[in-house]
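S.K.: how does the following fold in three dimensions:
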Amino acid sequence: MQNPASTSASSLRAATPTTSASPASFPPPSSTTPNAAAAAAGTTTTTTTTTTAAAAPPFEFPREYHFPPFFTRQPNANTRHSQLEKWSALILSYARHHRLYRISLPSPSSAAAGPPSSSSSSTADTEELFHNRRLGRRLGAGDAREVLEHMRREGRAEPVAHGHGGDSGDGDGGLWWVYWKTPDEWAAEVEAWVEDTAQRGVVFTLYELTEGEDTRGASFHGLDPELLQKALQVLVKRGKAQIFGQEDQRGIKFF
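M.R.: Numbering: from 1, shown residues only. You can find the predicted model right below:
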């Protein structure tokens, strides 16, 4: 994410969401990364003897997330661009931390809704991401859509196609792909794995690629099946793979 122009600490403290005389400035990104937070949290993680993966440490939100004007559309063009960039970086970082591949836009009715239901992880993730309960501030559905459109222009987001759990981005509750790694980047990682493990000429089912023992430890293990197919189509177009079989039992052969 691009850093905005530096501002004095006093101007940051003075900024409020309703100020229109001068644009709000956002603090530079925190130097603490999710990896650093994970390292710190690792000292208190409870050891378990089960085979299930340990829960990820809590996501550490950047400083600007605790800055009230971050949730208010900024009228100044330069400040608005900085705001979009920071929101884009936050969404990508959050999705990477939780290994999320799609997020839903906040619903206009969510402002009056109670805590999200635990039965819908997508809604819960969106709620935490776009709603800072401590500040009592929320990014509106329209502003969230504009952030995702900005990410789409950068190649980092895309509406989930109609019929695949989304509504092509036309509805306030639409699902969006969030590409903390793009299909091309995932394709490169699959191709590298094929080379490193001498899998040329071997046939895999799509399920084996994402859930099989052979790929355990690979970066794409557990990847969303539809995103995997997007990545594999990249390899097909390059003549590096062939997909065959029925929709529910597809296989792939690497060349």
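
S.K.: can you show me the strands along the protein?
M.R.: 102-104, 131-132, 137-138, 157-159, 175-178, 203-205, 241-246, 249-254 (DSSP state E).

S.K.: which residues touch Ala231?
M.R.: 183-184, 186-187, 190, 220, 223 (C-beta atoms under 8 Å, 6 or more residues apart in numbering). Using the backbone N, CA and C atoms, a C-beta is placed for each residue, glycine as well.

S.K.: measure it to Asn78 for me?
M.R.: Distance, Ala231 to Asn78, by C-beta to C-beta, to the nearest Å: 36 Å.

S.K.: that older thread, save the strands of the chain as TSV, and put in mean neighbour count, distance to Thr197 and mean pLDDT too.
M.R.: Shown next, in TSV, are those (neighbours: other C-beta atoms under 10 Å; distance: least, C-beta to C-beta, whole Å; pLDDT from 0 to 100):
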stretch	mean neighbour count	distance to Thr197	mean pLDDT
strand 102-104	22	29	92
strand 131-132	19	43	94
strand 137-138	18	46	93
strand 157-159	21	30	95
strand 175-178	23	28	94
strand 203-205	15	11	90
strand 241-246	13	15	87
strand 249-254	16	10	88
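
S.K.: out of those strands, which gets nearest to Gln74?
M.R.: Counting by C-beta to C-beta, Gln74 lies closest to strand 137-138 out of those; the figure is 13.8 Å.

S.K.: which elements pack onto that closest one?
M.R.: strand 131-132 (3 or more C-beta pairs under 8 Å, 6 or more residues apart in numbering; DSSP states H and E).

S.K.: name the helices or strands packed onto the strand it packs on?
M.R.: strand 137-138.

S.K.: what pairs with the strand it packs on, parallel or antiparallel?
M.R.: If you go by DSSP bridges, strand 137-138 pairs up with strand 131-132 (antiparallel).

S.K.: how close does the closest residue to Asp214 other than its chain neighbours get to Gly136?
M.R.: Closest residue in space to Asp214, ignoring its immediate chain neighbours: Glu208 at 6.7 Å, by C-beta to C-beta, 6 or more residues apart in numbering. For Glu208, the distance to Gly136 equals 47 Å [C-beta to C-beta].

S.K.: great, nothing more from me.
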